[in-house]
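K.L.:
next come a sequence and a model predicted from it.
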Amino acid sequence: MKKPLLLLLTGGTIGSTVDNGIIHPALGSCLALDLYKQRYGQDTVIETVKLMDILSENLRKEHWVTIVNYLIATDLTRYSGVILTHGSDTLSYSSAFLGICLSGLGCPVVLTAADRVPDDPQSNAVDNLRAAVLLLQNVRQGVYTVYRNPEEQQTSIWRSTRLQEADRFRGRFTSPDGKRFGWVENDRLVLSDDSTFLSVSLPSIPSYTLPQTLMLPYDVLMVQPYPGIDYRCFVPQECCRAVLHLTYHSSSASTQVDNSALTFLLACREKGLPFYLLSFPKERDSLYETSHCLLQQGAIPLPHMTKEAAYAKLLLAVNVPEYLPHDFLQREVAFEQL
């Protein structure tokens, strides 16, 4: 007898309904699953657990704690895989965090979402669930995200740590390098022929373990640079244990004015607050003088990865350092480096 799939519900559009033009989480059964069974039958046994009922813009790190601790405490040998339904707004962040945390589970996990409520004729909810089921029938480990972008026929599959936030104009998810693990089209799973995706380039089990109960009491401040940014607005509180400063595409940030990334770095250094820069290529022949200046003053460069993956790794690094290897932030642990 085949093992069942575990469907974890967290809310989001895929778990919502519309009343008088207002989208809100639905109570009761999972309509997306009901519609899935109507279209594809009852052959796949799916057990459902509702962990929470939120719109994902209301997501907080405490919700990640709930998800991770639930899966750590669950006997996953009973299941052939886990599907986690989620809202699309913060899907890339949860994908990265859970991808880092859960890649060594030994039971594959797939995150998915929907662009419209399930009973909308144009919704991709059922297509996304179908892709998740087909993927879990063919993989034995790893964390993935599946989603059919608007106006596309294929439902894309990504390594979850390589997903970046959907664009705000068309709502399309992508990976920074444009690569996918695979896709589903005409109810057929196709895996990428890119050797970097199919080869086992990482240990099957990460060289670290999480505590039996995960807690995230400390915070990371993430800063996106833009012309005219006033760094005086950023006043890290006691709970903040690291700053993640993003860079422009050339790995640079401002240093020439009094109110700059450099002055913010120096202020953080006085407080003993680690200051990380995202991102820098693994191999580089030269740097802009601004980047060189920041590194000379103590900024810590991170290799190329999405902001979501960097944030996830830093959040773990400041909260459970005793469980992580000393080079955790620089080491690739879940296919997150690009």
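P.N.:
Received it, and whenever you're ready, just let me know what you need.
K.L.:
can you give me the buried ones in the lengthiest strand in the chain?
P.N.:
With DSSP state E setting the assignment, residue counts place strand 46-54 as the longest strand in the chain. Residues of strand 46-54 classed as buried under the neighbour-count rule (16 or more other CB atoms under 10 Å) are Ile46, Lys50, Leu51, Met52, Ile54. Any C-beta I mention is one placed from the backbone N, CA and C, and that applies to glycine too.
K.L.:
right, and the helix or strand after it?
P.N.:
helix 61-73 (DSSP states H and E).
K.L.:
mean confidence for the following helix or strand past that following helix?
P.N.:
Note on helix 61-73: by DSSP H and E, the next helix or strand toward the C-terminus is strand 81-85. Mean pLDDT, computed over strand 81-85, is 98.
K.L.:
the helix or strand that contains Leu6 pairs with which strands?
P.N.:
Assigned by DSSP H and E, Leu6 falls within strand 5-11. Paired strands of strand 5-11, with direction, are strand 46-54 (parallel), strand 81-85 (parallel) (DSSP bridges).
K.L.:
for Val333, which of the ones you listed is the nearest?
P.N.:
strand 81-85 (19.4 Å; CB to CB).
K.L.:
then that closest one to CSV, C-alphas only?
P.N.:
Extracted as CSV, the C-alpha positions of strand 81-85 are listed here (Å, rounded to 0.1, in the frame of the first residue of the first chain):
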residue,chain,number,x,y,z
GLY,A,81,5.9,13.5,1.1
VAL,A,82,4.6,16.7,2.5
ILE,A,83,2.7,19.5,0.6
LEU,A,84,2.6,22.9,2.4
THR,A,85,0.0,25.3,1.0
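K.L.:
what's the angle from the following helix or strand past it to strand 5-11?
P.N.:
As assigned by DSSP H and E, the chain's next helix or strand after strand 81-85 is helix 91-102. Here helix 91-102 runs at an angle of 130 degrees relative to strand 5-11 (axes from the mean of the first three to the mean of the last three CA atoms, to 10 degrees).
K.L.:
contacting residues around helix 91-102?
P.N.:
Helix 91-102 is contacted from outside by 12, 56, 59, 64, 67-68, 71, 84, 86, 109, 111, 113, 143, 145, 147, 158-161, 163-166, 173, 210, 214, 306, 308-309, 311-313, 315-316, 333-336, using CB atoms under 8 Å, 6 or more residues apart in numbering.
K.L.:
please redo it, this time with the cut-off set to 6 Å
P.N.:
Applying CB atoms under 6 Å, 6 or more residues apart in numbering, the external contacts of helix 91-102 come out as 64, 68, 86, 109, 111, 113, 143, 145, 160-161, 163-165, 308-309, 312-313, 334.
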